[in-house]
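**Student:** I'll drop the sequence and a predicted model, then ask my questions.
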Amino acid sequence: MTLASLLLLAPAVAHAGPSVVTTDAGRLRGAVEGELDVFRGVPFAAAPIGQLRWREPQRIAPWTDIRDASKFAPACMQSGVSIPGEPAPQISEDCLYLNIWAPRHSGRAKLPVMIFIHGGGWQNGATALPLYWGDRLAQQGAVVVSVSYRLGALGFLAHPELTAESPHHTSGNYGLLDQIAALNWVQRNIAAFGGDPANVTLFGQSAGSSSIAILMASPLAKGLFHRVIGQSGGFFEPLQLAPHYELALAEKQGVAFAHSLETSTLADLRSLPPQALLTKQAASVSHPVIEPWLLPRTPFEVFSVGQQHGADILVGYNAEEGRAFFDASSVTAANFGEQLRAELGDLPPAIMAAYPFASDVEAGQARVALERDLRFGWNMWTWAKLHAATGKNAVHAYYFTHKPPFPSDSVRRNWQASHFAELWYMFDHLGQEDWQWTKFDRQIARTMSRYWVNFARNGNPNGRGLPHWPAYRTDQPLVLQIGQPITPTPEPNTGSIGVIDAVFSAVRGDT
């Protein structure tokens, strides 16, 4: 081969190799996967270890060499999994990394940006989970980002000593601060990957969706996103029913947590290995806090007066959310009340009366419906209703009723249209599971993923060849049923959710 031939080939070879992108901290080399450039394990903040444990995230130190970004970083410290049946992730306290899927050679294309925030009850979750990969969405012309954030006690511990040392006179919510740090990183850097920092959509499921509701109410997140998608998770319940969310009581729970670890000072806590914290971790120190800096008022208070961040929203929930959390076949007419009290405490009689049953089968169905409405349906209904009332942004809502073909020999065998069920379709990742997918399953996956990307592009999920999805209006509350068939339908479960809303209104003391 002549020198001239080699010179002609050189640009093509370079063009086909992994992309190198320059960020504000240094250069990254990703991996080529089909028509996508993929960057994994990209640091967006300094490792929150040592004296940075329980502090707001700090800027990452610059590097000079080209950093390899072809492998996922470990997940944040946790002791379980975000989705039952999935493998436990590799974990580390050094975990503030994000991942990017971008169409190849998009350059300065200004593609819509979709940032995924995983669920897991603020205690578990990992961006390396194949179900959460953004490749199929990116193939439709979006830049997809997934972010890690501190979990459990490492992410949400409130403590008087932490409050005293904070320049903001607060503690807790470190995991939410991580999410905001990632959004700021995207604003500074995503243009280099072909994304448009002026067209950012947040999307999340379960605690990820609840986090997004909080970010819409947080003054620290202003201007960092333009649209949101919330899937089966909000944060609108009356504070009177969850007083431990207030900083003062959260600090007391933090002190009790420290004592359970036989530590008496903050220095002692910071000296413990991260694995030791997991041994005593509880939900009481693994939740967001209403505090003066990140979340001065509850999301319900903020939304009720129309002071949330302006954004187009798409929100919804699944028809049988509760089936992922308990075995409905174990519920009987005799043990219905006992099982419910063990998980949710004593519920007002009005709520109990909204879910009647006359047999064991009906008792199981009532328990599934109550769990759906109380934990998810009311939150998503409230989110849509309050945001639509402002009249400032587009609102779309969905109700997922389709039942995936979960294998009969798995922990998911009785899930049906449960919590998590929509994720395989939204990410269009049916090919990752060797299940008995049907033609209609594949149709839903193609349709749902297109809706999500269309919405990220311009705030309207509709597109050529898709069933029409009407906007949600307070005077005409239509939602899109995603099931058989895919069609607009009047808002479901309004009777029982209305009962819950009346009870919550009384608890708040609304006039």
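**Tutor:** Right, received. Where do you want to start?
**Student:** Verify the stated contact: residue 497 with residue 373.
**Tutor:** Yes. When contacts are counted by Cβ atoms under 8 Å, residue 497 is listed as touching residue 373 (5.2 Å). Placement of C-beta: from N, CA and C, glycine included.
**Student:** okay, these two: which has more neighbours?
**Tutor:** Higher neighbour count among residue 497 and residue 373: residue 373, with 28 against 21, using other Cβ atoms under 10 Å.
**Student:** which residues sit in contact with the more buried one?
**Tutor:** By Cβ atoms under 8 Å, 6 or more residues apart in numbering, the contact set of residue 373 is 493, 496-497, 500.
**Student:** quick one: it is in a helix?
**Tutor:** Yes. Secondary structure of residue 373 (DSSP: H, G, I helix; E, B strand; the rest coil): part of a helix.
**Student:** quick revisit: I'd like the contacts of residue 373 as TSV, with distance to residue 134 appended.
**Tutor:** Shown next, in TSV, are the contacts of residue 373 (distance: Cβ to Cβ, whole Å):
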residue	distance to residue 134
493	31
496	36
497	32
500	35
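**Student:** and which of these is nearest to residue 270?
**Tutor:** residue 500 (41.8 Å; Cβ to Cβ).
**Student:** Now the strand or helix carrying that closest one: buried residues?
**Tutor:** Assigned by DSSP states H and E, residue 500 belongs to helix 494-508. Within helix 494-508, the residues scored as buried using 16 or more other Cβ atoms under 10 Å are 496-497, 499-501, 503-504, 508.
**Student:** Give me the residues contacting that helix.
**Tutor:** Taking Cβ under 8 Å, 6+ apart as the rule, helix 494-508 contacts 237-238, 240-241, 300, 348, 350-351, 353-355, 369-370, 373-374, 377-378, 381-382, 477.
**Student:** Of these, which belong to helices?
**Tutor:** In this view, these that belong to helices under DSSP state H are 300, 350-351, 353, 369-370, 378, 381-382.
**Student:** Out of these, which is nearest to residue 426?
**Tutor:** Of all the ones in helices among the contacts of helix 494-508, residue 426 sits closest to residue 381, with 20.0 Å by Cβ to Cβ.
**Student:** That closest one reaches residue 492, doesn't it?
**Tutor:** No. Using Cβ under 8 Å, residue 381 makes no contact with residue 492, being 9.5 Å away.
**Student:** Looking at the two, which one has more neighbours?
**Tutor:** Counted by other Cβ under 10 Å, residue 381 and residue 492 do not tie: residue 381 has more neighbours, with 27 against 19.
**Student:** how about the more buried one, what does it touch?
**Tutor:** So residue 381 contacts 491, 494, 497, 501 (Cβ under 8 Å, 6+ apart).
**Student:** Turn these into CSV, columns for distance to residue 416 and pLDDT.
**Tutor:** Converted to CSV, these look like this (distance: Cβ to Cβ, whole Å; pLDDT from 0 to 100):
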residue, distance to residue 416, pLDDT
491, 21, 97
494, 22, 97
497, 20, 98
501, 26, 97
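**Student:** So which residues of the chain form strands?
**Tutor:** Counting by DSSP state E, the chain has strands at residues 20-22, 27-29, 31-33, 36-43, 67-68, 97-103, 111-117, 143-147, 195-205, 227-231, 312-318, 395-400, 478-482, 487-490.
**Student:** gap between the closest residue to residue 85 other than its chain neighbours and residue 285?
**Tutor:** Excluding its sequence neighbours, the residue lying closest to residue 85 (Cβ to Cβ, 6 or more residues apart in numbering) is residue 411, at 4.8 Å. Distance from residue 411 to residue 285, counting by Cβ to Cβ, to the nearest Å: 27 Å.
**Student:** Next, report how far stretch 34-51 is displaced from the centre of its chain.
**Tutor:** Distance, stretch centre to chain centre, for stretch 34-51: 18 Å (Cα atoms, centre = their mean, to the nearest Å).
**Student:** Give me the buried positions along that stretch.
**Tutor:** Across stretch 34-51, burial judged by 16+ other Cβ under 10 Å covers 36-48.
**Student:** nearest to residue 441, of those residues?
**Tutor:** Out of the buried residues of stretch 34-51, the member with the shortest distance to residue 441 (by Cβ to Cβ) is residue 36, at 23.8 Å.
**Student:** wouldn't that closest one be in contact with residue 99 here?
**Tutor:** No. Judged on Cβ under 8 Å, residue 36 makes no contact with residue 99 at a distance of 11.6 Å.
**Student:** which of the contacts of residue 373 sit farthest apart?
**Tutor:** Farthest-apart pair in the contacts of residue 373 is 493 and 500; separation 9.7 Å (Cβ to Cβ).
**Student:** what about stretch 419-428, start to end distance?
**Tutor:** 17 Å (Cα to Cα, to the nearest Å).
**Student:** gap between that stretch and the chain center?
**Tutor:** Here stretch 419-428 is found 13 Å from its chain centre; the criterion is Cα atoms, centre = their mean.
**Student:** any idea of the mean pLDDT in it?
**Tutor:** Average pLDDT, stretch 419-428: 98.
**Student:** Show me what it is in contact with.
**Tutor:** 83, 131-134, 136-137, 205-206, 231-232, 318, 320-325, 376, 400, 402-404, 415, 429-430, 432-433, 441, 444-446, 448-449, 452, 482.
**Student:** Which PyMOL command selects the buried ones in the residues you listed?
**Tutor:** Restricted to buried positions by 16+ other Cβ under 10 Å, the PyMOL selection for the contacts of stretch 419-428 reads:
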select buried, resi 83+131+132+133+134+136+137+205+206+231+232+318+320+321+322+323+324+376+400+402+403+404+415+429+430+433+441+444+445+446+448+449+452+482
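**Student:** Among the contacts of stretch 419-428, name the ones in helices.
**Tutor:** In this view, those that belong to helices under DSSP H are 136-137, 441, 444-446, 448-449, 452.
**Student:** Check those and tell me the two furthest apart.
**Tutor:** The distance between the two most remote of the ones in helices among the contacts of stretch 419-428 (Cβ to Cβ) is 17.6 Å, for 137 and 441.
**Student:** Alright, calling it a day.
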